[in-house]
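Engineer: I would like the atomic coordinates for the input below:
(2 chains)
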Number of protein chains: 2
Amino acid sequence: MREIFDAELRQLGQDLVAMSARVEQAITNAGIALGTGDLALAESVIAHDLAIDAVERELDERCVLLLAQQQPVATDLRVVVSALRMSASLERMGDLARHIAQVARRTYPRKAVPQPLSGTFSEMHDAAVRVARRTTTLLGSRDLALAESIEADDDLLDELHEDTFTALLGGSWKGTPQETVDVTLLGRYYERFGDHAVSVARRVVFLVTGDFAEQVDAPTA
Amino acid sequence: MREIFDAELRQLGQDLVAMSARVEQAITNAGIALGTGDLALAESVIAHDLAIDAVERELDERCVLLLAQQQPVATDLRVVVSALRMSASLERMGDLARHIAQVARRTYPRKAVPQPLSGTFSEMHDAAVRVARRTTTLLGSRDLALAESIEADDDLLDELHEDTFTALLGGSWKGTPQETVDVTLLGRYYERFGDHAVSVARRVVFLVTGDFAEQVDAPTA
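Structural biologist: As a prediction, this is how the structure comes out:
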């Protein structure tokens, strides 16, 4: 029984890594679609999100089955419940990547991000891709140094988010209402993406150390 | 043992009702603070969100303890796992109410919502308060007719959200970039509030009937 359970737990871990890899793909392609005005790529991200949602439901069901059949206690229980939480965060990260792609699709052939902010969003894209890649590696390696760097990436995403507001509200903004709306939404999607990655990272740290850092939601509304 | 477990499950249910009641209070006060420019009320909503977060953490821990000590199977297991999911949705709804209050605080003494949209946001407030109240009642009563009306409220919130975009992007919008940003954010907070209420409602329907409606995320990005 113990061997079966250990195998199931290892499978859970591998599935979370695979799910995170899909999210990495989604956020990478969403940002490229946004920056280059690539409609086909945007459509592909939107379509692939259904697969991420399906993986979450399936992982959920397997967690519940594990709880029912193996009735784990202590550390094992913590692992299974953490897997439930992390798959929910990863599914939400996939949704945010889809939302970014939906903006790119909606404004096509116009690029959603006006020229003055293309540098800021390029940096946001890089930080988000990095945070997703680190999340995937962290889920596989449990290397807590990665958890720290994910927190740093999230701080950077928060700063870049603030930069977009500074641009929008500084007084020299010349964008249309549509551009203002889209930049507001996109900035928020990237900022929330970082927040969810931090959720996953803190959950991994909790599994390894037993300590859970208090979730402090981004103060900007 | 069975009696203890039944008592624990009943307590879980009561705690979810209490948590939802707090969320109802939060969204009600947030909307009033927004509409009337009430700084003290906004501050109160922001402060009280910490209590909602604390309730979620405590409820989570109790669910994990229940899983560890009672090792429930079948329906009981489904109830405990559902409680985990629902408390996460309710916590997020509390955060969204806090975000609404933070916008009201940030723009004080100016009202965040410009006059042309005050009617739309007044309707959004009413729908969100209604959806929160129905969620509280549904959690206590398991009356599935309420689940249907929550879906209807969410549809209304989606429509009102669309109305804000029509106003912003229709060509006759005269708001400042700040007002455009704030209306965009506020509309999204209300729309996501409805989405999470639907998550809770569908989870209750699942517990009662065994059927789970596919979560379709709002298509607007």
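
Engineer: and the most centrally placed residue in chain A, how far from A:V131?
Structural biologist: Nearest residue to the geometric centre of chain A (CA atoms, centre = their mean): A:M93, 3.2 Å. To A:V131, A:M93 is 9 Å away according to CB to CB, to the nearest Å. C-beta: built from backbone N, CA, C; applies to glycine.

Engineer: shared neighbours, those two?
Structural biologist: A:193, A:197 (CB atoms under 8 Å, 6 or more residues apart in numbering or on different chains).

Engineer: run the angle between the host helix or strand of the residue nearest to the centre of chain A and helix B:74-107 for me.
Structural biologist: Applying DSSP states H and E as the criterion places A:M93 in helix A:74-107. Put simply, helix A:74-107 runs at 50 degrees to helix B:74-107, going by axes from the mean of the first three to the mean of the last three CA atoms, to 10 degrees.

Engineer: state the mean pLDDT of stretch A:76-95.
Structural biologist: The average pLDDT within stretch A:76-95 is 93.

Engineer: sorry, wrong one. I was asking about stretch A:131-151.
Structural biologist: pLDDT averaged over stretch A:131-151 gives 95.

Engineer: what ranges does chain A have for its helices?
Structural biologist: Taking DSSP state H as the criterion, chain A carries its helices at A:2-36, A:39-70, A:74-107, A:118-141, A:144-169, A:177-209.

Engineer: state the distance from the closest residue to A:L12 other than its chain neighbours to A:E56.
Structural biologist: Of all residues not flanking A:L12 in the chain, A:A83 sits nearest, at 5.0 Å (CB to CB, 6 or more residues apart in numbering or on different chains). In this view, A:A83 and A:E56 are 11 Å apart by CB to CB.

Engineer: what about the residue lying closest to A:S149 once chain neighbours are set aside, how many neighbours?
Structural biologist: In space, and not counting its chain neighbours, A:S149 is closest to A:R134: 5.8 Å by CB to CB, 6+ apart. Neighbours of A:R134 under the rule other CB atoms under 10 Å in any protein chain shown: 24.

Engineer: show me what from chain A comes close to chain B.
Structural biologist: By CB under 8 Å from any CB of the partner chain, the residues of chain A that approach chain B are A:53, A:63-64, A:67-68, A:71, A:73-74, A:77-78, A:81, A:84-85, A:88, A:95, A:98-103, A:106, A:165, A:168-169, A:173, A:175, A:177-178, A:180-181, A:184-185, A:188, A:215, A:217, A:219-221.

Engineer: same thing but at 6 Å, please
Structural biologist: A:64, A:67-68, A:71, A:73, A:77, A:81, A:95, A:99, A:102-103, A:168-169, A:173, A:177-178, A:180-181, A:184, A:217, A:221 (CB under 6 Å from any CB of the partner chain).

Engineer: where does chain A have low pLDDT?
Structural biologist: Where chain A drops to pLDDT under 70, the residues are A:214-221.

Engineer: pretty sure A:V103 contacts A:A112?
Structural biologist: Yes: between A:V103 and A:A112 there is a contact under CB atoms under 6 Å: 5.0 Å.

Engineer: those two: which is more packed in?
Structural biologist: Ranked by neighbour count (other CB under 10 Å), A:V103 and A:A112 place A:A112 first, with 26 against 22.

Engineer: for the residue nearest to the centre of chain A, give me its contacts.
Structural biologist: A:23, A:193, A:196 (CB atoms under 6 Å, 6 or more residues apart in numbering or on different chains).

Engineer: what sits against the last one?
Structural biologist: Right, A:H196. A:89, A:92-93.

Engineer: redo that, cut-off 10 Å
Structural biologist: Neighbouring residues of A:H196 by CB atoms under 10 Å, 6 or more residues apart in numbering or on different chains: A:23, A:86, A:88-96, A:131-132, A:135, A:154.

Engineer: number of nearby residues for A:G210?
Structural biologist: 9.

Engineer: pretty sure it sits against A:R78.
Structural biologist: Yes: A:G210 lies in contact with A:R78 (CB atoms under 10 Å); the separation is 8.8 Å.

Engineer: quick one, phi/psi of A:F212?
Structural biologist: Note on A:F212: backbone dihedrals following degrees, to the nearest 10 are phi -120, psi 120.

Engineer: who are the contact partners of it?
Structural biologist: Residues counted as contacts of A:F212 (CB under 10 Å, 6+ apart) are A:202-203, A:205-206, B:57.

Engineer: thought A:A132 was touching A:L157?
Structural biologist: No: A:A132 is beyond contact range of A:L157, at 11.5 Å (criterion: CB under 10 Å).

Engineer: and for these two, which residues touch both?
Structural biologist: Taking CB under 10 Å, 6+ apart as the criterion, A:A132 and A:L157 both touch A:193-194, A:197.

Engineer: tell me the one among those residues nearest to chain B.
Structural biologist: The nearest member of the shared contacts of A:A132 and A:L157 to chain B, counting by CB to the nearest CB, is A:F193 at 13.7 Å.

Engineer: number of nearby residues for the closest one?
Structural biologist: There are 28 residues near A:F193, going by other CB under 10 Å.

Engineer: just give the nearest non-adjacent residue to it, would you?
Structural biologist: A:F193 sits nearest to A:L96 (CB to CB, 6+ apart), 4.7 Å away.
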